[in-house]
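J.: Got a sequence here, can you build the structure:
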Amino acid sequence: MSTAPTHESTQPAQPLLCGGIGNLRPVNDEDLKIWDMYKEHLEKKIQDQFNVPKTFKLKPVQVSTQVVAGLNYFFKVELPEKKYATARVYHVSWQKDTHGKAEQVSVHAKLLDCSTENVGHF
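T.: Below you'll find the model as predicted:
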């Protein structure tokens, strides 16, 4: 009786999916460049949607990205009382005429209690 040799799996623990959203991670300098490019619209939409005072400094604390026909940035933004909003920026690096435009920004309707909570696609 012979047995076939076994091979350890070389698959990652969580397989990567084309078009899937990456894991949340701390915001880095490159992410902040994107945030700053759309900051005016991000702040206005978050302030209007969640009644955040204009005096409160909004800052992204975590981000995940998704490769599409461009790149979606899903920013977790800290709000007053340790609540979090999720804002998406659709950035197409090669389409300069879309950079900084309001239509590239959206904010999820759900307010979160934790910065690591996932709201998925929107």
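
J.: middle-most residue in this structure, spatially?
T.: What sits nearest the mean C-alpha location of the chain, by CA atoms, centre = their mean, is residue 74, with 1.1 Å.

J.: helix or strand for it, which one?
T.: Taking DSSP states H and E as the definition, one finds residue 74 inside strand 70-79.

J.: Residues in contact with that strand: which ones?
T.: For strand 70-79, the external contacting residues (CB atoms under 8 Å, 6 or more residues apart in numbering) are 21, 24, 27, 31, 34-35, 42, 46, 50, 52, 56, 58-66, 84-93, 95, 111-112, 115-116. C-beta: built from backbone N, CA, C; applies to glycine.

J.: Filter those residues down to the buried ones and hand me the PyMOL line.
T.: Selection command for PyMOL covering only the buried members of the contacts of strand 70-79, criterion 16 or more other CB atoms under 10 Å:
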select buried, resi 21+24+27+31+34+35+42+46+52+58+60+62+63+64+65+66+84+85+86+87+88+89+90+91+112+115
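
J.: where does this protein have low pLDDT?
T.: For the chain, applying pLDDT under 70 flags the ranges 1-18, 121-122.

J.: Swap in 80 and give it another go.
T.: Across the chain, the ranges flagged by pLDDT under 80 are 1-19, 118-122.

J.: Assign residue 87 to helix, strand or coil.
T.: Following DSSP: H, G, I helix; E, B strand; the rest coil, residue 87 is assigned to strand.
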